[in-house]
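Enquirer: When you get a sec, could you give me coordinates for this:
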Amino acid sequence: MAQLIPSHEGRMNMKAVKAIYDGHDVKLMEPVQLREKTDVLVVFPDISEKIPPRDARRLLRGSGKGEGLVKKLLHSRAEDVTLGGK
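Expert: Next up, the predicted model:
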């Protein structure tokens with residue numbers, strides 16, 4: 001379903017809709033109710049800096065130091081066991 005993006009500073013409301021770009025055309029995946037022909041703004045995700053999983057793990061290693069994440073994980077798992085979870 002189209003998502004309505006609220007206006008700011010008196011600007012026009014915008015709708016966000018999922019679509020597929022096949023290299024030539026943008027094809028909407030959801031219907032959009034428009035009264036007339038209109039200009040659209042197409043935004044593409046920035047995939048130019050995609051990081052391989054191996055590098056991402058290396059960059060994240062140690063990023064949670066001092067937050068007690070292992071202790072929180074073990075505590076959560078102990079709660080799951082007492083509640084009958086896996």
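Enquirer: average model confidence for stretch 29-44?
Expert: Stretch 29-44 carries an average pLDDT of 84.
Enquirer: Run through the chain and note the low-pLDDT ranges.
Expert: Applying pLDDT under 70 to the chain flags the ranges 1-12, 85-86.
Enquirer: Let me see the ranges of the helices in it.
Expert: For the chain, the helices defined by DSSP state H occupy 53-60, 69-82.
Enquirer: Take the ones you listed and write them to JSON lines, including mean neighbour count and distance to E30.
Expert: From N, CA and C alone the C-beta is placed, and that goes for glycine too. Listed next are the helices of the chain as JSON lines, based on neighbours: other Cβ atoms under 10 Å; distance: least, Cβ to Cβ, whole Å:
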{"stretch": "helix 53-60", "mean neighbour count": "10", "distance to E30": "31"}
{"stretch": "helix 69-82", "mean neighbour count": "10", "distance to E30": "37"}
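Enquirer: Which of those helices sits closest to D25?
Expert: Nearest to D25 among these is helix 53-60 (31.4 Å), distances taken as Cβ to Cβ.
Enquirer: helices or strands up against that closest one?
Expert: Here helix 53-60 touches no other helix or strand, going by 3 or more Cβ pairs under 8 Å, 6 or more residues apart in numbering; DSSP states H and E.
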